[in-house]
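1. After the sequence you'll find the predicted model.
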Amino acid sequence: MPELPEVEHVKRGIKPFAKGQKIESITYSDKVQEGKAANKETIIKGLELDTFKTFTEQYIITDIERRSKYIVFYLEKDGDQRILLSHLGMAGGFFVVDELEDIGNANYRKHWHVIFQLDNHKLLVYSDIRRFGEIRNLPSFDAYPSFLEIAPEPFDEEALPHYMACYDKSYYQNKPIKQMILDHRVIAGCGNIYACEALFRAGIHPATLPNDLNHQQREMLFYYVREVLQAGIDSGGTSISDYLHADGSKGTMQLHLNVYKQKYCKVCGNEIETAVIGGRNSHFCPHCQN
Ligand SMILES: [Zn+2]
């Protein structure tokens, strides 16, 4: 699943080609059209497909940014502003190509779902192998309140005090620490892979209750989350399963993982254990993390 570093690289891959361009037209895949007809809201959420077109076609993409695990496209037409908000789900991705055949990975080439024809003659393509991703067209962020609940970006100054204050909320007190740091209202963009890795670096068992961590451990865990996210960005993300950059190349973070889907602990040599904690598969070293 694309986490903050992977989404950051998707954004970096498309922004130079798509920012400043007008969206001339949109093409939907059969799956998107069939899904809408069956009320399944496949990928395009919240609007009828024609309405989505009305608020997207002939709009200029004035900017593209990443916020947590979302990609945000700011649109404008004759002073009217709209926002395209996309979550890549389990295996979604954006590509900018001259034609569909130029998408390097056969799976992504086959599973395209939305094509935005840009006025520089390039195609901005949303592909999604498992179709868990989504694209919304909003008049403003107020129209999608859960987006406004997302914690500050982890590299922003307010992120640490925001995270520390979450320990005082009763909602988190009986939940495993792993589940707490996966919550984007606590830390933005930290998904399963990076949560497992940060907990390993901090020497904290993923099932630990937040109240059992002292002040120093809480802060340390935050710094390790930020460290693994930064390492993920620096190495181009983690290319496990389907993740690829917008240009089809792969990240190398998977070579630097200590516990996620690993067999043996690189520190003590013990076997890495796997357990479902807070509903997600967790990988940890029972010796180094307690
Ligand atoms: Zn170990």
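-> Arrived safely, thanks for sending.

2. How about residue 278: what's its closest non-neighbour residue?
-> Counting by Cβ to Cβ, 6 or more residues apart in numbering, residue 179 is the residue found nearest to residue 278 once chain neighbours are left out, at 2.9 Å. In short, each C-beta sits where N, CA and C put it, glycine included.

3. Do I have it right that the one you found meets residue 277?
-> Yes - here residue 179 lies in contact with residue 277, judged by Cβ atoms under 8 Å, at a distance of 6.9 Å.

4. Who has more neighbours out of these two?
-> Per other Cβ atoms under 10 Å, whichever of residue 179 and residue 277 has more neighbours is residue 277, with 22 against 19.

5. Tell me what that one is bridged to.
-> Bridge pairing for residue 277 (DSSP bridges) gives the partners residue 280.

6. so how far is residue 138 from it?
-> According to Cβ to Cβ, to the nearest Å, residue 277 and residue 138 sit 34 Å apart.

7. Repeat that for residue 272.
-> Residue 272 is 41 Å from residue 138, by Cβ to Cβ.

8. and the closest residue to the ion within the stretch 1-150 of the chain, how many residues sit next to it?
-> As assessed by Cβ to the ion, the ion sits closest to residue 3 within the stretch 1-150 of the chain, at 23.2 Å. For residue 3, the tally of surrounding residues (other Cβ under 10 Å) stands at 24.

9. any idea what sits nearest it, other than its immediate chain neighbours?
-> In space, residue 3 is closest to residue 191, 3.5 Å off (Cβ to Cβ, 6+ apart).

10. Over to residue 174?
-> residue 209 (6.9 Å).

11. what do you get for residue 119?
-> Using Cβ to Cβ, 6+ apart, the nearest residue to residue 119 is residue 22, at 4.3 Å.

12. For that neighbour, report the pLDDT, please.
-> As predicted, residue 22 sits at a pLDDT of 98.

13. wait, it sits on residue 121?
-> No - contact criterion Cβ under 8 Å: residue 22 and residue 121 do not qualify, at 11.5 Å.

14. picking that back up, how close does the residue of the stretch 1-150 of the chain closest to the ion sit to residue 160?
-> Counting by Cβ to Cβ, the gap from residue 3 to residue 160 is 19 Å.

15. The protein against the ion: which residues are in contact?
-> 265, 267, 268, 285, 287, 288 (Cβ under 5 Å from the ion).

16. hang on, the third one packs against residue 288?
-> Yes - at 5.7 Å, residue 268 counts as touching residue 288 under the criterion of Cβ under 8 Å.

17. quick one: which of the two has more around it?
-> residue 288 (19 against 10).
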